[in-house]
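**Q** my questions are about this predicted structure, shown below with the sequence.
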Amino acid sequence: MAGQSTQGFWIRFLAALIDGIILQVASFIIVLPIAFVLGIAAATSGNADAASSLGTGVGVLVSLVVQWIYEAGFLSSAKQATPGKMALNLVVTDENGAKISFARASGRHFGKYLSALILLIGYLIQPFTAKRQALHDMLAGTLVLVRRPGQY
């Protein structure tokens, strides 16, 4: 971690925005065929309300799984960053600057739900902490740093 600085709120927000756009497109591409099949099932079952509820539930579940695998997979890869973070030269490391595991990246991802739970306070504390960590970073023991030259 020597020579690297932790990153501020707005650059991290922009990286999350880029990732959010990518995830919306990916989720749509994955969920659309499922919704189509469930729509056909609804039309033939005679119980459109139940099929619609099932379709909504499956769509939400698939989107949550896609988001989890996307984030944890990219953060635990050799790149140490999602495409949004890569675009802004950011990486996610442990507190010693090392690559994180899929389990730790998963914990960080699910910690974001806690960060968002009460009026986004877990995110908003980030600029005021010593290591510029949001709540989910503290829980997972991670830092968001500027990529070192040659890191990927």
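**A** Received it, and whenever you're ready, just let me know what you need.
**Q** now the strands for the protein?
**A** Ranges of strands within the chain are 90-94, 142-146, based on DSSP state E.
**Q** now mean pLDDT, mean neighbour count and distance to Arg108 too, for those strands, in JSON lines please.
**A** C-betas here are computed from N, CA, C, even on glycine. Converted to JSON lines, these look like this (pLDDT from 0 to 100; neighbours: other Cβ atoms under 10 Å; distance: least, Cβ to Cβ, whole Å):
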{"stretch": "strand 90-94", "mean pLDDT": "97", "mean neighbour count": "21", "distance to Arg108": "7"}
{"stretch": "strand 142-146", "mean pLDDT": "96", "mean neighbour count": "21", "distance to Arg108": "5"}
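**Q** can you say which of these is nearest to Leu135?
**A** Leu135 sits nearest to strand 142-146 of all the strands of the chain, at 11.3 Å, using Cβ to Cβ.
**Q** the closest one to strand 90-94, inter-axis angle?
**A** Angle between the axes of strand 142-146 and strand 90-94 is 150 degrees (criterion: axes from the mean of the first three to the mean of the last three Cα atoms, to 10 degrees).
**Q** before we move on, back to that, which one of the strands of the chain lies nearest to Gly107?
**A** So among the strands of the chain, strand 142-146 is nearest, using Cβ to Cβ, at 8.9 Å.
**Q** how far out from the middle of the chain is that closest one?
**A** Computed by Cα atoms, centre = their mean, to the nearest Å, the chain-centroid distance of strand 142-146 equals 15 Å.
**Q** same deal with stretch 34-50?
**A** Its chain's average C-alpha position is 31 Å from that of stretch 34-50, according to Cα atoms, centre = their mean.
**Q** which pLDDT value goes with the residue of the chain positioned farthest from its centre?
**A** Ranking residues of the chain by C-alpha distance from their mean position (Cα atoms, centre = their mean) puts Gly46 at the top, at 38.0 Å. Here, the pLDDT recorded for Gly46 equals 72.
**Q** equivalent analysis for Ile118, please.
**A** Ile118 is assigned 89 on the pLDDT scale.
**Q** gap between it and Phe110?
**A** Per Cβ to Cβ, to the nearest Å, Ile118 is found 16 Å from Phe110.
**Q** kindly report the same for Val60.
**A** 16 Å.
**Q** and the gap between the residue nearest to Ala87 when sequence neighbours are not counted and Lys79?
**A** Distances taken as Cβ to Cβ, 6 or more residues apart in numbering place Ile18 nearest to Ala87, at 5.7 Å, with adjacent residues excluded. Ile18 sits 14 Å away from Lys79, going by Cβ to Cβ.
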